[in-house]
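My questions are about this predicted structure, shown below with the sequence.
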Amino acid sequence: DGGITQSPKYLFRKEGQNVTLSCEQNLNHDAMYWYRQDPGQGLRLIYYSQIVNDFQKGDIAEGYSVSREKKESFPLTVTSAQKNPTAFYLCASTPLTGPGDNGYTFGSGTRLTVV
Amino acid sequence: AQSVAQPEDQVNVAEGNPLTVKCTYSVSGNPYLFWYVQYPNRGLQFLLKYITGDNLVKGSYGFEAEFNKSQTSFHLKKPSALVSDSALYFCAVRALNSGNTPLVFGKGTRLSVIA
């Protein structure tokens, strides 16, 4: 089955530690996105990438980093510079087509908690 | 700039009654509009979209949405609510001819259907 896989489902981070969230898709989608979800704040865009080896900052990129070395993979690193990382992180992908697409396919999310 | 407003944090409706979840948007040019649903600790699932054509769009699970250009609204509706419809609903928008700029999401509306 084609889909988008996020791992791990739950992740705990100690103060001052960097952690990496995995996002892999086998849909042959060109574009991939990382959103952060906090209660009452909806989804906020962290980073996105439309082609391999290229990515753009979203609205809340500070304290995060990404890479796009392969079309299938778009890992997100939460660095120690991110002061309030506890949240639900969602990865999404979409083909670079016109209006015929159905928007994004989402992964099941990673819940990150600072301990 | 693009934006989405979902004016209600919570909507409560009795099972069997019609439901409406409101969404208004702001975008330069013609909009490309989506509704997604999220169940607890899961990613978002596509419900329906509007590009052009009929103002009434039909989607998954008996949901439909009405596009109103003059009121810049895209309200989600269902004639008869089910308890299983209880979830978090997100409206999203981008400009139709904006290439592949990321979708902008509303803050979400929690729908609670009471038996």
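That came through, no problem.

switch to C-alpha atoms for all contacts and neighbour counts from now on
Will do.

quick one, phi/psi of the residue nearest the centre of chain A?
Note on chain A: the residue nearest the mean C-alpha position is A:Trp34, at 2.8 Å, using CA atoms, centre = their mean. In terms of degrees, to the nearest 10, the main-chain angles of A:Trp34 are phi -120, psi 130.

If you tally nearby residues, what's the number for the closest residue to it other than its chain neighbours?
Residue nearest to A:Trp34 in three dimensions, not counting chain neighbours: A:Cys91, with 4.6 Å by CA to CA, 6 or more residues apart in numbering or on different chains. Other residues lying near A:Cys91 total 32 when counted by other CA atoms under 10 Å in any protein chain shown.

in whichever strand or helix holds A:Cys91, what counts as buried?
Remark: A:Cys91 resides in strand A:87-94, with elements defined by DSSP states H and E. Across strand A:87-94, burial judged by 16 or more other CA atoms under 10 Å in any protein chain shown covers A:Phe88, A:Tyr89, A:Leu90, A:Cys91, A:Ala92, A:Ser93, A:Thr94.

Which elements pack onto it?
Contact partners of strand A:87-94 among helices and strands, from 3 or more CA pairs under 8 Å, 6 or more residues apart in numbering or on different chains; DSSP states H and E: strand A:4-7, strand A:31-38, strand A:105-106, strand A:110-114.

again, only using 6 Å
When contacts are defined as 3 or more CA pairs under 6 Å, 6 or more residues apart in numbering or on different chains; DSSP states H and E, strand A:87-94 sits against strand A:31-38, strand A:105-106, strand A:110-114.

ok and the last one relative to strand A:31-38, angle-wise?
Taking axes from the mean of the first three to the mean of the last three CA atoms, to 10 degrees, one finds that strand A:110-114 is oriented at 50 degrees with respect to strand A:31-38.

Strand A:110-114 near chain B at all?
No. Applying CA under 6 Å from any CA of the partner chain, one finds strand A:110-114 separated from chain B by no less than 8.2 Å.

With stretch A:47-57 instead?
No. Counting by CA under 6 Å from any CA, chain B has no neighbours in stretch A:47-57; the shortest distance is 7.9 Å.

ok, A:Glu72 - contacts?
Applying CA atoms under 6 Å, 6 or more residues apart in numbering or on different chains, we find A:Glu72 in contact with A:Glu24, A:Gln25.

Now the residue in chain A that chain B sits nearest to. Nearest residue, chain neighbours left out?
Residue of chain A nearest chain B, by CA to the nearest CA: A:Gly42 (3.7 Å). Distances taken as CA to CA, 6+ apart place B:Lys107 nearest to A:Gly42, at 3.7 Å, with adjacent residues excluded.

Enumerate the residues of chain A near chain B.
A:Gln41, A:Gly42, A:Phe106, A:Gly107, A:Ser108, A:Gly109.

The second one bridge partners, please.
If I follow you right, that is A:Gly42. A:Asp38 (DSSP bridges).

can you check the third one too?
Going by DSSP bridges, A:Phe106 is paired in beta bridges with A:Ala92.

For B:Val4, what is the enclosing helix or strand?
strand B:3-5.

Does whichever residue of chain B sits closest to chain A belong to a helix, a strand or coil?
Nearest residue of chain B to chain A, counting by CA to the nearest CA: B:Lys107, 3.7 Å away. Following DSSP: H, G, I helix; E, B strand; the rest coil, we place B:Lys107 in the coil state.

That one contacts A:Gln41, doesn't it?
Yes. Counting by CA atoms under 6 Å, A:Gln41 is a contact partner of B:Lys107 at 5.1 Å.

rewinding a little: confidence score at the residue of chain A closest to chain B?
Listed pLDDT for A:Gly42 reads 89.
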